[in-house]
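Fold the following and give me the result.
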Amino acid sequence: MNTLLSELNPVRMMVDGSAGLVVLAIHGFFLALLAKAFGDAGPSHDGRQTLNPMAHIDLFALIGVVVAQFGWIRPMDIRSRELKGGIAGLILVVLLALAGTWLVGRGAMAGRGLVIAITPPDLLQIAEAWLFTFARMSERIAAFNLLPVLSLTAAHALREFLPERLRSTGAVVSGLTLVLALAIKIWIWR
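The predicted structure follows:
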């Protein structure tokens, strides 16, 4: 716990928060784009096919990004019956969106030389810190969202099998996901 508290300084929080917002926006965009490509235009009609993080962010997820370096997007209304392949199509959409999120982070690290070449020397240290944080966040967010917890992306494949009252993912479920993220950060991913 002391390690977690020692990591909370204003610069680190701004770097983690900004990188996390970008990763979550990219992930939400990929998920909506893939849902539309597979036949469900619902997320696009709901305004989720955008890179604007405000369309995807959840307050507890933003806290999770800053404090634990884990995050998630607000769940989307993706219906497997409208997707090509049904539930298998939904699972593929989820996996492809998570893979895309991870690959964007890897691509950013591959472009590190370009960032070094074009960044003024006085901004180089913060630019490299942001880039490394962005890559780490993309990996962690993709891996964390593979868990079938109701606020996370992998749970889209489970929602349709749940009773109606358990399908909604409100503040309580998102808050519990934040507790899970903190527990993973403290006990596993130090």
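
In contact with the residue lying closest to Ile91 once chain neighbours are set aside, which residues?
Nearest residue to Ile91 in three dimensions, chain neighbours excluded: Ala157, at 5.0 Å (C-beta to C-beta, 6 or more residues apart in numbering). (Glycine included, C-beta is placed from N, CA and C.) Residues in contact with Ala157 (C-beta atoms under 8 Å, 6 or more residues apart in numbering) are Ser80, Ile87, Leu90, Ile91, Val94, Pro148.

now do 10 Å
When contacts are counted by C-beta atoms under 10 Å, 6 or more residues apart in numbering, Ala157 touches Ile78, Ser80, Ile87, Ala88, Leu90, Ile91, Leu92, Val93, Val94, Leu95, Pro148.

Please, which helix or strand holds it?
helix 156-159 (DSSP states H and E).

The longest helix seen in the chain: which residues count as buried?
Counting by DSSP state H, the longest helix found in the chain is helix 10-37. By neighbour count, with 16 or more other C-beta atoms under 10 Å as the criterion, the buried positions of helix 10-37 are 15-36.

With stretch 38-47 instead?
Quick answer for stretch 38-47 (16+ other C-beta under 10 Å): Phe38, Gly39, Asp40, Gly42, Pro43.

for stretch 100-115, same thing?
Neighbour-count burial for stretch 100-115 [16+ other C-beta under 10 Å]: Gly100, Thr101, Trp102, Val104, Gly105, Ala108.

What's the mean pLDDT across that stretch?
Stretch 100-115 carries an average pLDDT of 94.

Same question for stretch 30-43.
95.

Please apply the same query to stretch 158-172.
72.

can you check stretch 82-92 too?
93.

so Leu182 makes contact with Val66?
No - shown here, Leu182 and Val66 do not form a contact pair, counting by C-beta atoms under 10 Å, at 11.4 Å.

Setting the sequence-adjacent residues aside, check what's closest to Gly64.
In space, Gly64 comes closest to Ala181 once its chain neighbours are excluded; the distance is 4.3 Å by C-beta to C-beta, 6+ apart.

buried ones in the host helix or strand of that neighbour?
Assigned by DSSP H and E, Ala181 belongs to helix 171-187. By 16+ other C-beta under 10 Å, the buried positions in helix 171-187 come out as Val173, Ser174, Thr177, Leu178, Leu180, Ala181, Leu182, Ile184, Lys185.

would you list these in a markdown table and tack on distance to Pro10?
Listed next are the buried residues of helix 171-187 as a markdown table, based on distance: C-beta to C-beta, whole Å:
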| residue | distance to Pro10 |
| --- | --- |
| Val173 | 30 |
| Ser174 | 25 |
| Thr177 | 25 |
| Leu178 | 21 |
| Leu180 | 26 |
| Ala181 | 21 |
| Leu182 | 20 |
| Ile184 | 24 |
| Lys185 | 19 |
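
I figured Met54 hits Leu21, correct?
Yes - checked against C-beta under 10 Å, the pair Met54 and Leu21 is within contact range at 9.1 Å.

Alpha carbons only: can I get stretch 77-89 in PDB?
Extracted in PDB, the C-alpha atoms of stretch 77-89 (Å, rounded to 0.1, in the frame of the first residue of the first chain):
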ATOM      1  CA  ASP A  77     -25.000  -2.000 -26.000                       C
ATOM      2  CA  ILE A  78     -23.800  -4.600 -28.500                       C
ATOM      3  CA  ARG A  79     -26.300  -7.200 -29.400                       C
ATOM      4  CA  SER A  80     -25.000 -10.600 -30.600                       C
ATOM      5  CA  ARG A  81     -28.200 -11.300 -32.500                       C
ATOM      6  CA  GLU A  82     -27.400  -8.400 -34.900                       C
ATOM      7  CA  LEU A  83     -23.800  -9.400 -35.400                       C
ATOM      8  CA  LYS A  84     -22.500 -11.700 -38.100                       C
ATOM      9  CA  GLY A  85     -21.700 -15.000 -36.300                       C
ATOM     10  CA  GLY A  86     -23.900 -14.300 -33.200                       C
ATOM     11  CA  ILE A  87     -22.200 -14.900 -29.900                       C
ATOM     12  CA  ALA A  88     -19.000 -16.100 -31.700                       C
ATOM     13  CA  GLY A  89     -19.000 -12.800 -33.600                       C
END
